[in-house]
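**Q** how does the following fold in three dimensions:
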Amino acid sequence: MAGLLVLLFPPLLLAFMLLMARVEEPLNKVAVERQIEEFLDEANPDELDTFVREGTESALRRFRLRLSLRRLIPGLRSNGRGSHASAADR
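**A** Reported below is the predicted structural model:
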């Protein structure tokens, strides 16, 4: 009985993992679509420029970094530059 369990467990586990991968794939697509939608709604001009020049992955990485910094530093302005003004803002 134990031998049968030892022989059947790996293929059953593999089959379960393959099934879960098929279930997870559409969910990941929806998550990426939501992230892109949020990005297009809230991105600053620098992030949009990165989107145009470098593509989706670079722009989303930059956007996520800005959002994570904003959560860590509550006083960070929404344009992603903090309290430092650029030459164009002066």
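**Q** count of neighbours near Ala21?
**A** 9 (other CB atoms under 10 Å). To be clear about C-beta, it is placed using only N, CA and C from the backbone, and glycine gets the same treatment.
**Q** next one: Asn44
**A** 16.
**Q** what does Pro74 give?
**A** Neighbours of Pro74 using other CB under 10 Å come to 6.
**Q** need the helices for this structure, in chain order.
**A** In the chain, the segments counted as helices under DSSP state H are 2-42, 45-54, 56-72.
**Q** quick one: average pLDDT of the shortest one?
**A** This predicted structure assigns helix 45-54 an average pLDDT of 86.
**Q** check the first one too.
**A** Averaged across helix 2-42, pLDDT comes to 88.
**Q** how close does Leu65 sit to Pro74?
**A** From Leu65 over to Pro74 the distance is 16 Å, taken as CB to CB, to the nearest Å.
**Q** check contacts around Leu18.
**A** Leu18 makes contact with no residue, according to CB atoms under 8 Å, 6 or more residues apart in numbering.
**Q** my guess is Gln35 meets Leu60, correct?
**A** Yes. At 6.1 Å, Gln35 and Leu60 qualify as touching, with contact defined as CB atoms under 8 Å.
**Q** so for those two, which sits in the more crowded spot?
**A** Using other CB under 10 Å, the more surrounded residue of Gln35 and Leu60 is Leu60, with 19 against 14.
**Q** residue contacts, that one?
**A** Leu60 makes contacts with 35-36, 39, as judged by CB under 8 Å, 6+ apart.
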